[in-house]
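Undergrad: Generate coordinates for the sequence data below:
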Amino acid sequence: MAKKVVKRYLFPEDYMADPSVHVFNGKIYIYPSHDWEDESNVEDDSGDQYIMKDYHVLSIEGDPMDGKVVDHGCVLRQEDIAWHGRQLWDCDVQEKDGKYYMFFPMKDKNEVFRHGVAVADNPAGPFIPQPEPVHGSYSIDMAILKDDDGEYYMYFGGLWGGQLQSYRDNVGIEDPAKNNTPDSPNLPHGDQPSLPSRVVKLSKDMLQFGEEPKPVQVVGEDGKPLAADDPHRFFEASWTFKKDGKYYFTYSTGDSHLLCYAVGDNVYGPFTYKGVILTPVVGWTTHHAIIEWKGKWYLFHHDSAPSGGKSWLRSLKVCELTFNEDGTIETIEGIDE
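TA: Just a heads-up that it's a prediction; the model follows:
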């Protein structure tokens with residue numbers, strides 16, 4: 001049964017979503033997407049209602065539940081990126097050798113999502129984009145794990161408007177700008193295996209893929225991939241972390257509106273499905289990050305309650321996350337009232 005917990009809206013001054021969160025130099029930094037409203041915000045399954053065209057960086061002075069939240073301002077704009085089309089969706093940032101690397105998805109001038117990299121000397125930016133997208137990149141929602149061996153692994157992918165269904169074995173099987181709805185002929189159905197997320201080791205310079213991306217299989221206790229009609233299958237919003245020697249692969253289920261998790265022994269998976277982290281929130285779906293801070297674990301996410309349920313105007317939230325002794329996660333109720 002889901003439990004109600006105390007949650008905090010982090011930045012009510014503006015609409016931001018899709019938080020990636022890390023601790024750098026003893027401080028919590030949040031890297032959200034930035035929601036905008038104009039006459040083109042029309043709800044559809046391809047995600048065209050999400051008008052995001054820049055990134056801000058937030059930090060927290062102290063504890064996530066009551067520390068002061070500081071907006072470091074706009075650190076990267078769509079027009080700063082040479083190959084830009086539109087839609088700067090979920091990003092992530094990691095540090096290596098004193099540099100900070102922001103990985104972001106954006107549609108190019110052909111309406112195809114690619115990955116970009118921007119580099120900064122400070123976790124608060126500003127970030128300077130590379131002139132070209134990452135070679136061989138596709139789809140959305142990147143999250144980067146620094147593993148214990150010092151290697152960096154990026155998890156990515158999203159269905160429907162995220163265009164993942166248009167690729168097999170890292171090759172486009174059709175124009176990714178087409179068929180970005182539940183009716184796509186490239187989506188599995190029923191008891192067919194669901195489409196997996198992707199994981200790729202990054203190059204030593206953090207600017208390219210260091211290998212071919214691999215599928216991230218979420219399997220049941222029987223070892224078989226979750227079916228396409230399973231409400232707990234992967235849809236988007238990968239986030240991976242380690243706890244007690246185990247890899248926790250967490251993700252959104254999209255149209256069934258859950259945050260779920262699966263656990264494995266290898267950075268590449270497979271990951272065995274274990275349960276629901278967060279039940280549906282106000283708004284179409286949510287997106288998240290999980291970190292440890294001073295011995296406690298926190299779930300950063302978003303919902304659309306402050307905007308009256310507009311899915312394209314979302315607000316950042318945080319709450320404590322509780323692990324049981326066996327490593328399972330206590331399910332949190334998404335609706336506060």
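Undergrad: Can you name the residues that contact H301?
TA: For H301, the contact set (Cβ atoms under 8 Å, 6 or more residues apart in numbering) comprises 19, 259, 278, 281, 286-289, 316-318. Just so you know, the C-beta spots here come from the backbone N, C-alpha and C atoms, and that holds for glycine as well.
Undergrad: can we see that at 10 Å?
TA: 7, 17-19, 237, 252, 259, 277-278, 281, 286-290, 314-319, 332, 334 (Cβ atoms under 10 Å, 6 or more residues apart in numbering).
Undergrad: helices and strands of this structure: which one bottoms out on pLDDT?
TA: Within the chain, judged by mean pLDDT, DSSP states H and E, the helix or strand with the poorest mean is strand 171-172; its value is a mean of 92.
Undergrad: Skip ahead from that strand and say which helix or strand is next.
TA: Using DSSP states H and E, the helix or strand that follows strand 171-172 towards the C-terminus is strand 197-201.
Undergrad: May I have the strands that pair with that following strand, each with its orientation?
TA: Each strand paired with strand 197-201, and its direction, by DSSP bridges: strand 152-156 (antiparallel), strand 214-216 (antiparallel).
Undergrad: burial of the closest residue in space to K53 that isn't next to it in sequence, as a residue count?
TA: Distances taken as Cβ to Cβ, 6 or more residues apart in numbering put Q78 closest to K53, at 4.3 Å, once the chain neighbours are dropped. Using other Cβ atoms under 10 Å, Q78 has 15 neighbouring residues.
Undergrad: From F300, how far off is Q78?
TA: Distance, Q78 to F300, using Cβ to Cβ, to the nearest Å: 24 Å.
Undergrad: Could you do A237 as well?
TA: In terms of Cβ to Cβ, A237 sits 12 Å off from F300.
Undergrad: Do I have it right that E95 meets P123?
TA: Yes. E95 lies in contact with P123 (Cβ atoms under 10 Å); the separation is 7.0 Å.
Undergrad: sorry, back to before: neighbour count: A237 and F300, which is higher?
TA: A237 (27 against 24).
Undergrad: Tell me if that one really is in a strand.
TA: Yes. Counting by DSSP: H, G, I helix; E, B strand; the rest coil, A237 falls inside a strand.
Undergrad: Any figure for the gap between the nearest residue to it once chain neighbours are set aside and H302?
TA: Spatial nearest neighbour of A237, chain neighbours left out: S252 (3.8 Å); criterion: Cβ to Cβ, 6+ apart. Distance, S252 to H302, using Cβ to Cβ: 11 Å.
Undergrad: and for those two, which residues touch both?
TA: By Cβ under 10 Å, 6+ apart, S252 and H302 have these common neighbours: 18, 285-288.
Undergrad: Now tabulate these in a markdown table and tack on pLDDT and distance to Y152.
TA: Shown next, in a markdown table, are those (pLDDT from 0 to 100; distance: Cβ to Cβ, whole Å):
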| residue | pLDDT | distance to Y152 |
| --- | --- | --- |
| D18 | 96 | 20 |
| T285 | 78 | 27 |
| T286 | 87 | 25 |
| H287 | 93 | 21 |
| H288 | 97 | 20 |
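Undergrad: Take the residues you listed and write them to JSON lines, including secondary structure.
TA: Output for the shared contacts of S252 and H302, formatted as JSON lines (three-state DSSP):
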{"residue": "D18", "secondary structure": "strand"}
{"residue": "T285", "secondary structure": "coil"}
{"residue": "T286", "secondary structure": "coil"}
{"residue": "H287", "secondary structure": "coil"}
{"residue": "H288", "secondary structure": "coil"}
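Undergrad: Please tell me which one of these counts the most neighbours.
TA: Using other Cβ under 10 Å as the neighbour test, these are led by D18, with 29 neighbours.
Undergrad: can you pull the contacts of the residue positioned nearest the centre of the chain?
TA: Central residue of the chain (Cα atoms, centre = their mean): A237, 3.5 Å from the mean position. Residues near A237 by Cβ under 10 Å, 6+ apart: 18, 90, 140-141, 143, 155, 157-158, 162, 197, 250-254, 259, 285-289, 301.
Undergrad: and F300, which of the three is it?
TA: With three-state DSSP as the basis, F300 sits in strand.
Undergrad: and it, what is it in contact with?
TA: F300 touches 10, 18-21, 28, 30, 32, 64, 239, 287-291, 316-319, 321, counting by Cβ under 10 Å, 6+ apart.
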